[in-house]
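Engineer: model the following, please.
(2 chains, ligands or ions: 2)
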Amino acid sequence: MSEVVIKNLSKSFDDNVVLDGISLKINEGENFVVFGRSGTGKSVLLKCIVRLMEPDAGEILIESQNVLTLSINKLNEIRKHIGFLFQGAALYDSMSVRENLAFPLIRNFNFSSKEIDIKIKNVLEKVSLLEAIDKMPAELSGGMKKRIGLARTIITEPRLILYDEPTTGLDPITSKEISQLIVELQKDLNTTSIIVTHDLICAKIIASHAVVLKDGKIRYEGNLDSLTSQDDPFLKDFFSNDIISESTPIRSGEVKDGSN
Amino acid sequence: METGTAAQKNNSIIGKRLAEFFNMIAGLTVFSLEFFKNVFLPPYEFGEVKKHMDELGVKTLPIVSVTGFIIGLVLAMQSQPVMAKFGAEAFLPGMVALSVVRELGPVITALIFAGRVSSGIGAELGSMRVTEQIDAMEVSAINPFKFLVVTRVLACTLILPMLTVYVIFLSVVGGYISIFLSQNINFVLYVHAVVHSVDFTDLVPGIAKTFFFGYIVGIVGAYKGYYTENGTVGVGRASTSSVVIASLLILLMDMVLGKITVSLWG
Ligand SMILES: Nc1ncnc2c1ncn2[C@@H]1O[C@H](COP(=O)(O)OP(=O)(O)OP(=O)(O)O)[C@@H](O)[C@H]1O
Ligand SMILES: [Mg+2]
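Structural biologist: Numbers count the residues shown, from 1 in each chain, chains lettered A, B, ... in the order given. Ligands and ions are numbered 1, 2, ... in the order given. Okay, the predicted model is just below:
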């Protein structure tokens, strides 16, 4: 049900053209990976999709509804079923981990407090942070924040999840676990995911489809394997280092020591 | 020619500042309208409002207590020789009470409240903005304006009048101590003089205006914080500028409301 179609999306900040007429189609149940160098507008793209930023032009259809022209109430109905993992986790610092996780459940759904409790424990187990349940965000490390952010994103079982660098700042093993978790969600709930990442190991585990952004446009679109074997010098350069040092361990399903 | 360009430059700076100021007033007006639009719409966040009121109370009670006491004490101490000169010492308790009820209590409490609270709200919402917590709320289909702004502004509006009543009470006590030390006046007599000189028409406008002051403190801090830009630098700026603007608006509002009160009751 959660198909996302983006047509001719453009966004500039003053004279800095960030997105320059991007069109994409993300199918239901797909794990759609977005690559691009730092500052190309990947985060901006994700924010435009959920209308945290107003694009200058273009259309965004989620479940065939144009997000950019919907009333705020209709938009919120859609947003209840969207998960968004922020690049900086964006945990509410005045609330404990438990309260952070309960917040979207209490506000948007009618669960009993017992059900909420079970869901919180469940989701914390998935990100292996059950022991952090009563901590405040300020007491967590960067990677822990990221994982709690992930837990808060998936706790409502969204139909569409946007991940902004889900594995950045995590050690290789946790990184792999998180990637597998994303795949699991997609299998169990048929979630559609858009994943922004620089992490090729993570992408190899997750991606069913990939795009590379450059200078506000789509440089490449297709599956990951053919992406890494392109002749385009930019793509070669972009993926070369990772491929030399990491392609072997990924295939055999283990992470080489010190590979990150 | 050089002076010409310097003058032009100065002009453009003043022009820019003025434009910024009027932009801010316009923005604040729109923000206020947004507040009134949201405040009457359910869901009502009573729990949040109460939580913020508790926090604000705890945060400001010590400083406000000391201030209240000192206002009364100093006012009586300073006025006593002047009143004695005119042979009007008997009016001292009434004078202290009237000044404190009509003007000093409400305004000084509000200014202190602005310093303590406006900056706090500015910094808190500002850091929520720059760390994308406000965006996170919005994307979870929760109205951040209602949850963060409306609750805080309401809490400020409701708590400041209570604090003011408390300050007025302490000032009157402070006044008594000062007068007692110099004239050894009986407490019952003092209270009697105070109650006699303070009228309903003094008390009501005095307390009523603090609702406006509380609203100003809340809305200015929230506005500055909610629209913070430029990362942590912006958070600092939001916090300081909200105190300056809130204090200024409180004094302006006091003038306007004072004028209205005078023309209503004389
Ligand atoms: N609120 C904003 N105001 C002005 N410019 C912005 C804003 N947000 C992003 N930009 C600009 O848009 C461009 C893209 O930013 P974005 O955060 O999307 O990059 P990114 O691809 O996510 O990079 P990274 O991989 O480092 O996270 C940058 O040049 C940035 O300066
Ligand atoms: Mg980014």
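
Engineer: residues contacting the residue in the stretch 51-200 of chain A that ligand 1 sits nearest to?
Structural biologist: Residue nearest to ligand 1 within the stretch 51-200 of chain A: A:Gln87 (5.6 Å; C-beta to the nearest ligand atom). Just so you know, the C-beta spots here come from the backbone N, C-alpha and C atoms, and that holds for glycine as well. Contact partners of A:Gln87, counting by C-beta atoms under 8 Å, 6 or more residues apart in numbering or on different chains, are A:Ser43, A:Asp164, A:Glu165, A:Thr168, A:Val196.

Engineer: for the nearest residue to it once chain neighbours are set aside, phi and psi?
Structural biologist: Nearest residue to A:Gln87, sequence neighbours excluded (C-beta to C-beta, 6 or more residues apart in numbering or on different chains): A:Asp164, at 4.2 Å. The phi/psi pair for A:Asp164 (degrees, to the nearest 10) reads phi -100, psi 100.

Engineer: neighbours of residue 196, how many?
Structural biologist: No chain in the question, so chain A it is. The local packing of A:Val196 (other C-beta atoms under 10 Å in any protein chain shown) involves 22 other residues.

Engineer: not quite, go with chain B.
Structural biologist: Residues near B:His196, counting by other C-beta under 10 Å, number 11.

Engineer: roughly how far does it sit from ligand 2?
Structural biologist: Look at B:His196 and ligand 2: by C-beta to the ion, to the nearest Å, they are 69 Å apart.

Engineer: B:Leu41 now?
Structural biologist: Computed as C-beta to the ion, the B:Leu41 to ligand 2 distance reads 34 Å.

Engineer: what's the residue lying closest to that residue once chain neighbours are set aside sitting at in phi/psi?
Structural biologist: For B:Leu41, ignoring the flanking residues on the chain, the nearest one in space by C-beta to C-beta, 6+ apart is B:Lys146 at 7.5 Å. Backbone torsions of B:Lys146, given as degrees, to the nearest 10, read phi -70, psi -50.

Engineer: pull the most distant pair out of the contacts of A:Gln87.
Structural biologist: Spanning the widest gap among the contacts of A:Gln87 are A:Ser43 and A:Thr168, at 11.7 Å by C-beta to C-beta.

Engineer: who has more neighbours, these two?
Structural biologist: Higher neighbour count among A:Ser43 and A:Thr168: A:Ser43, with 21 against 16, using other C-beta under 10 Å.

Engineer: state the distance from the more buried one to B:Val243.
Structural biologist: Here the criterion is C-beta to C-beta, to the nearest Å. By it, A:Ser43 lies 33 Å from B:Val243.

Engineer: burial check on the residue nearest to A:Leu124 when sequence neighbours are not counted, number of neighbours?
Structural biologist: The shortest distance from A:Leu124 to any non-neighbouring residue, by C-beta to C-beta, 6+ apart, is to A:Leu130 (4.6 Å). Burial measure for A:Leu130: 14 neighbouring residues, criterion other C-beta under 10 Å.

Engineer: ok, now B:Tyr44?
Structural biologist: Residues within reach of B:Tyr44, counting by other C-beta under 10 Å, total 14.

Engineer: is it fair to say it lies in a strand?
Structural biologist: No: if the criterion is DSSP: H, G, I helix; E, B strand; the rest coil, then B:Tyr44 is coil and not within a strand.
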